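Engineer: take a look and give me a structure for this.
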Amino acid sequence: MRTSNIIPWLLNLACLVPPLLLTSVLVLFYRLRVPELHRQAQDQREAIAEQFVSQMNQQVAISHQIVNTVISLVGPLRGDRTQVAERLHALLESTDPQLIYGIGLWFEPEEFEPGVRYFGPYIHRDLKQRDRLILTDEWETPDYDFHTQHWYLLAKKNLGQPQFTEPYFDTDLIYITLGQSFTQPNSPEVAGIASVDITLPLLQEQIARLNTQPEDMVYLTTSSGNVFVHPDRHKLLAAAKAKNPGIQTILEVSGAELNAFHQTHYPDFIPTSSITIPNLGWQIHVLTQRDYFLAKIVELRHAMSLQILVIWLGTGGLLIILNYTILNRYKVRQLRAYSLTLEQDVAKRSAQLEEQKTFLRKVIDTTPNIIFVKDTEGHFILGNQALAEIYQTTVEDLVGKTDAEFGVPTPEEVERFQKIDRWVLSHGQLQVVEESVTQANGEKRCFYSIKTPLILAENQPPYLLGVATDITERKAIEAEAQRAREAADLANQAKSEFLANMSHELRTPLNGILGYAQILQRSNAMSQEDRKGVEVIYQAGTHLLTLINDVLDLAKIEARKLELIPQTVNFPSFITGVAEVIGIKAQEKGLEFQAITPPQLPEGVYVDPKRLRQVLLNLLGNSTKFTHQGKVTLIVEQMGLPQPSLELDATIVPIRFTVQDTGVGMTPEQAKIIFLPFEQVGNQQQKAEGTGLGLAISRQIVEMMGGNIQVSSELGKGSRFWFELNLPLVQDWKEELTVGAEGKIIGYDGRRCKVLIVDDKIVNRMVVREVLESLGFLVAEAENGQQGIEQYQQFQPDLIITDLVMPKLDGFELARRIREEDSEVRIIASSASVLEHDQDRSIVSGCNDFVPKPVQMEQLLGRIQKLLELEWIYERAIATSKTIELELIYPPGEELSALKEFAKIGDISAVEEEVERLRGLDEKYGGFCDRILALANEFNDPGILELLRSTTT
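Structural biologist: Numbers count the residues shown, from 1 in each chain. Modelled structure (predicted):
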């Protein structure tokens, strides 16, 4: 028994010795093959470089031949300009236009003709049209001393030897010049140089053709080591410029900069070949990816492993035969039992696979999405029940057929399917598209399809996997939504037209009311009682205009027509103006009002002053209205340092506006609804004082400015509103804020200017006419555009003020026609339209400026001064002279200190109270007090201060 056990063991051991020896020999052999692979790779790269060297040698030989041909012309044609030019022209014409740029024959200075010592004919190609040759005569003059050029000196130094220059840039191309000197007849002295200019752009293409293998990269350097041909020359030049901004061309990139570029962009490439090109001194370099060599080594290892595997498989087969013939039948029975068990396992596994296949089939057929697989010819390999229902067939019948064989999609739809399928398979990329299928009943179903290549095995054509979702209902919903949007746009357009018409109809009568109120305010013939009555009319009209503007603003916001019109604003003055308005209201109610502003507030900002004032006055007005005792406070703070804004292209400063009061306050429920349109809090009397639109409009305006109004309130203790805005800073704000700063305008210097007023409403014309005539203007009128053209031709005005909406001929057409024949006359458009489109359209039609109605006279006068370049005469000077003539008796200086302070801050109410106190001191101060009150009624606080200053002189 022991012998029978040892013999199989010895036989098995004997069978293992040969494969072990063979394995060792194979390992040694393949170790020796690795260096040989490196040598082969290097030989291949050197062959690539030598191929380029051979090409360059051919081009060098051609260049030498051309130079020798040029030199051969020296003897018979010396000094003959015409013959030399013709022969050079014929020679250049016979060369490759992409290789040879120009040919020249350059002689040493001597007396060729009387007064001509330079002779150097040069024929070159037109860079834009290379088959067109040009003879350059300008180089024959001393302005271009070719005898001092590098290429000339190089050839002259090496007598009779052809010399190539280094590559150089000229006219955005890289060139080299080949020059060869020739001697005087029967003399060793140099007579001149024959030159050939060679363009090098083709080198880039030749190098690109050498870069055919993805693992190789080829580039060229000059004899001095500078690179001038590189497959990534643009990236290389950009990288070099980033480190050295003085570099302009690739020829200036040094070897160190090139190595740094390769370490960054080609870290896995190693040098494999470097050959110097004869005659030129250039070097061609070949770099190869390190992974290429690793792949060869891995391939070698795989071959070695396969051979070792074959050896050991053979050994295993031999062992099996030995074991089968020698081992006892018991082991054979064991093998049979194992075989039976294996067959049972295979049968069980096959049943499981069939069960999984059935399960996957049910999953695919149950999903509502279409799932399919096609081969490269468009035949279905697989399709689910959803696809079969669309094509009105069975799942089994889908296999092996194309889309065109079912008759359900139209031929055009089938063509689109196939076009997309071919693109996905050819590009190997996923594609997401919307497709449609027209069914037999004519109904078109829309699908959101995802198609992608399905690769089941390497070296086999990919299949096409597609998944499509039916989006027919979604597309119908989108179409309905689009129709709804179009209907909404039409409604907004109708709302905009209604808004424009209503604005015009409401503002036109107000223009007359407010205009005449302003005229009466300017009159010096009115009593104080009448003046106060006119002030009531003006304030009531202004309040009505405010209510109208609130309604129109809300309508414009809803129609998305409200636009901001930012302009330069003196910020401290702006805040002071707002504070003065609210201070008067607070004083009338017996409330304390305080405006807190830090000294470091910016002076000039760029903002829409009308809208910002509207927001602040609304918040402060509400606080004043709902506060019965205590205090109303306006706080303006700078919340940080100025910062540059790339979006606005300006420096911005964050400003916080806070309005707080000690009023009735609000409940949390009221605080939630106060920003909604037409929502009001408070008693019925307070609700009747407004429209309930102020806060809604204010919130929208602040959001348009980039902020957000916030509120905190406690019932019975008061409220606090605040918002923040990023306001652009303005440095030259003073230049835009000078109109009206000198006081009341009463005339102007210079000749009398003529103004034509065109408006279909007589009240509008009368308002403007009376103001302008009082200032010395000559005024003419027209009630429509047609009359306006006639009056323009007769009256020849310096300025035209025209309405835009008029019968017969509107203001747009009036401006356009006048502008066609007169570019000098100034035109101001004045309209009640609130639409930004109409204002822009008026400028396009030829108007120089726009003034909205109701017309604010100081605004109109500011526009007139700017367009006609006028110098206003102000009442201040006259008022001062009158004061001197009256020899008024002034109160003592200590009694006037309070009056001066009130005048400085523009507190007119306090000025009037202080004047009455001074009148009570002594009757002799009556004339002085009357003069101060007259100036106060005109809100002329600069005149008051000037009168007070005269008391100290």
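Engineer: from Gln700, how far out is the residue nearest the centre of the chain?
Structural biologist: With distances taken as CA atoms, centre = their mean, Glu647 lies nearest the centre of the chain, 9.8 Å away. Separation of Glu647 from Gln700 (CB to CB, to the nearest Å) stands at 21 Å. To be clear about C-beta, it is placed using only N, CA and C from the backbone, and glycine gets the same treatment.
Engineer: next one: stretch 664-672 to chain centre, how far?
Structural biologist: Averaging C-alpha coordinates over stretch 664-672 and over its chain gives two centres that are 44 Å apart (CA atoms, centre = their mean, to the nearest Å).
Engineer: list the contacts of that stretch.
Structural biologist: Taking contacts as CB atoms under 8 Å, 6 or more residues apart in numbering, the residues outside stretch 664-672 that touch it are 626-628, 674, 681-682, 711-719.
Engineer: now that stretch: buried residues?
Structural biologist: Within stretch 664-672, the residues that count as buried by 16 or more other CB atoms under 10 Å are Val664, Gly665, Met666, Gln670, Ala671.
Engineer: and for Gly428, the neighbour number?
Structural biologist: Neighbour count for Gly428, taken as other CB atoms under 10 Å: 10.
Engineer: got phi/psi on it?
Structural biologist: Main-chain dihedrals, Gly428, degrees, to the nearest 10: phi 70, psi 30.
Engineer: report the beta-bridge partner residues of the residue lying closest to it once chain neighbours are set aside.
Structural biologist: Residue nearest to Gly428 in three dimensions, not counting chain neighbours: Pro453, with 5.3 Å by CB to CB, 6 or more residues apart in numbering. Note on Pro453: beta-bridge partners by DSSP bridges are Leu464.
Engineer: surely Pro453 touches Leu425?
Structural biologist: Yes: applying CB atoms under 8 Å as the test, Pro453 and Leu425 come out as touching, 6.2 Å apart.
Engineer: which neighbours do the two have in common?
Structural biologist: The contact sets of Pro453 and Leu425 overlap at Pro462, Leu464 (CB under 8 Å, 6+ apart).
Engineer: and the two? which has more neighbours close in?
Structural biologist: Using other CB under 10 Å as the criterion, Pro453 and Leu425 rank with Leu425 on top: 21 against 17.
Engineer: for the helix or strand containing the more buried one, what does the pLDDT average out to?
Structural biologist: Leu425 belongs to helix 411-427 when assigned by DSSP states H and E. The average pLDDT within helix 411-427 is 89.
Engineer: that one - contacts with which helices or strands?
Structural biologist: Applying 3 or more CB pairs under 8 Å, 6 or more residues apart in numbering; DSSP states H and E, one finds that helix 411-427 contacts strand 431-438, strand 444-454, strand 463-470.
Engineer: okay, domains of this protein per the record?
Structural biologist: Taking automatic domain parsing as the reference, the chain has its domains at 73-210, 367-470, 567-736, 745-873, 875-952.
Engineer: let's have the ones you listed in JSON lines, adding distance to Leu237.
Structural biologist: Output for these, formatted as JSON lines (distance: least, CB to CB, whole Å):
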{"stretch": "domain 73-210", "distance to Leu237": "12"}
{"stretch": "domain 367-470", "distance to Leu237": "32"}
{"stretch": "domain 567-736", "distance to Leu237": "29"}
{"stretch": "domain 745-873", "distance to Leu237": "47"}
{"stretch": "domain 875-952", "distance to Leu237": "66"}
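Engineer: so for Gln263, which of those sits nearest?
Structural biologist: domain 73-210 (21.0 Å; CB to CB).
Engineer: can I get the CA coordinates of stretch 695-712 in CSV?
Structural biologist: Taking Å, rounded to 0.1, in the frame of the first residue of the first chain, the C-alpha atoms of stretch 695-712 are listed here in CSV:
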residue,chain,number,x,y,z
LEU,A,695,-46.9,100.9,1.3
ALA,A,696,-47.6,98.5,-1.5
ILE,A,697,-46.0,100.8,-4.0
SER,A,698,-43.1,101.7,-1.7
ARG,A,699,-42.3,98.0,-1.2
GLN,A,700,-42.3,97.4,-5.0
ILE,A,701,-40.1,100.5,-5.6
VAL,A,702,-37.6,99.4,-2.9
GLU,A,703,-37.4,95.9,-4.3
MET,A,704,-36.7,97.4,-7.8
MET,A,705,-33.9,99.3,-6.2
GLY,A,706,-32.5,96.1,-4.8
GLY,A,707,-33.7,96.3,-1.2
ASN,A,708,-36.6,95.0,1.0
ILE,A,709,-38.7,97.0,3.4
GLN,A,710,-39.0,95.3,6.8
VAL,A,711,-41.2,96.2,9.8
SER,A,712,-41.3,95.6,13.5
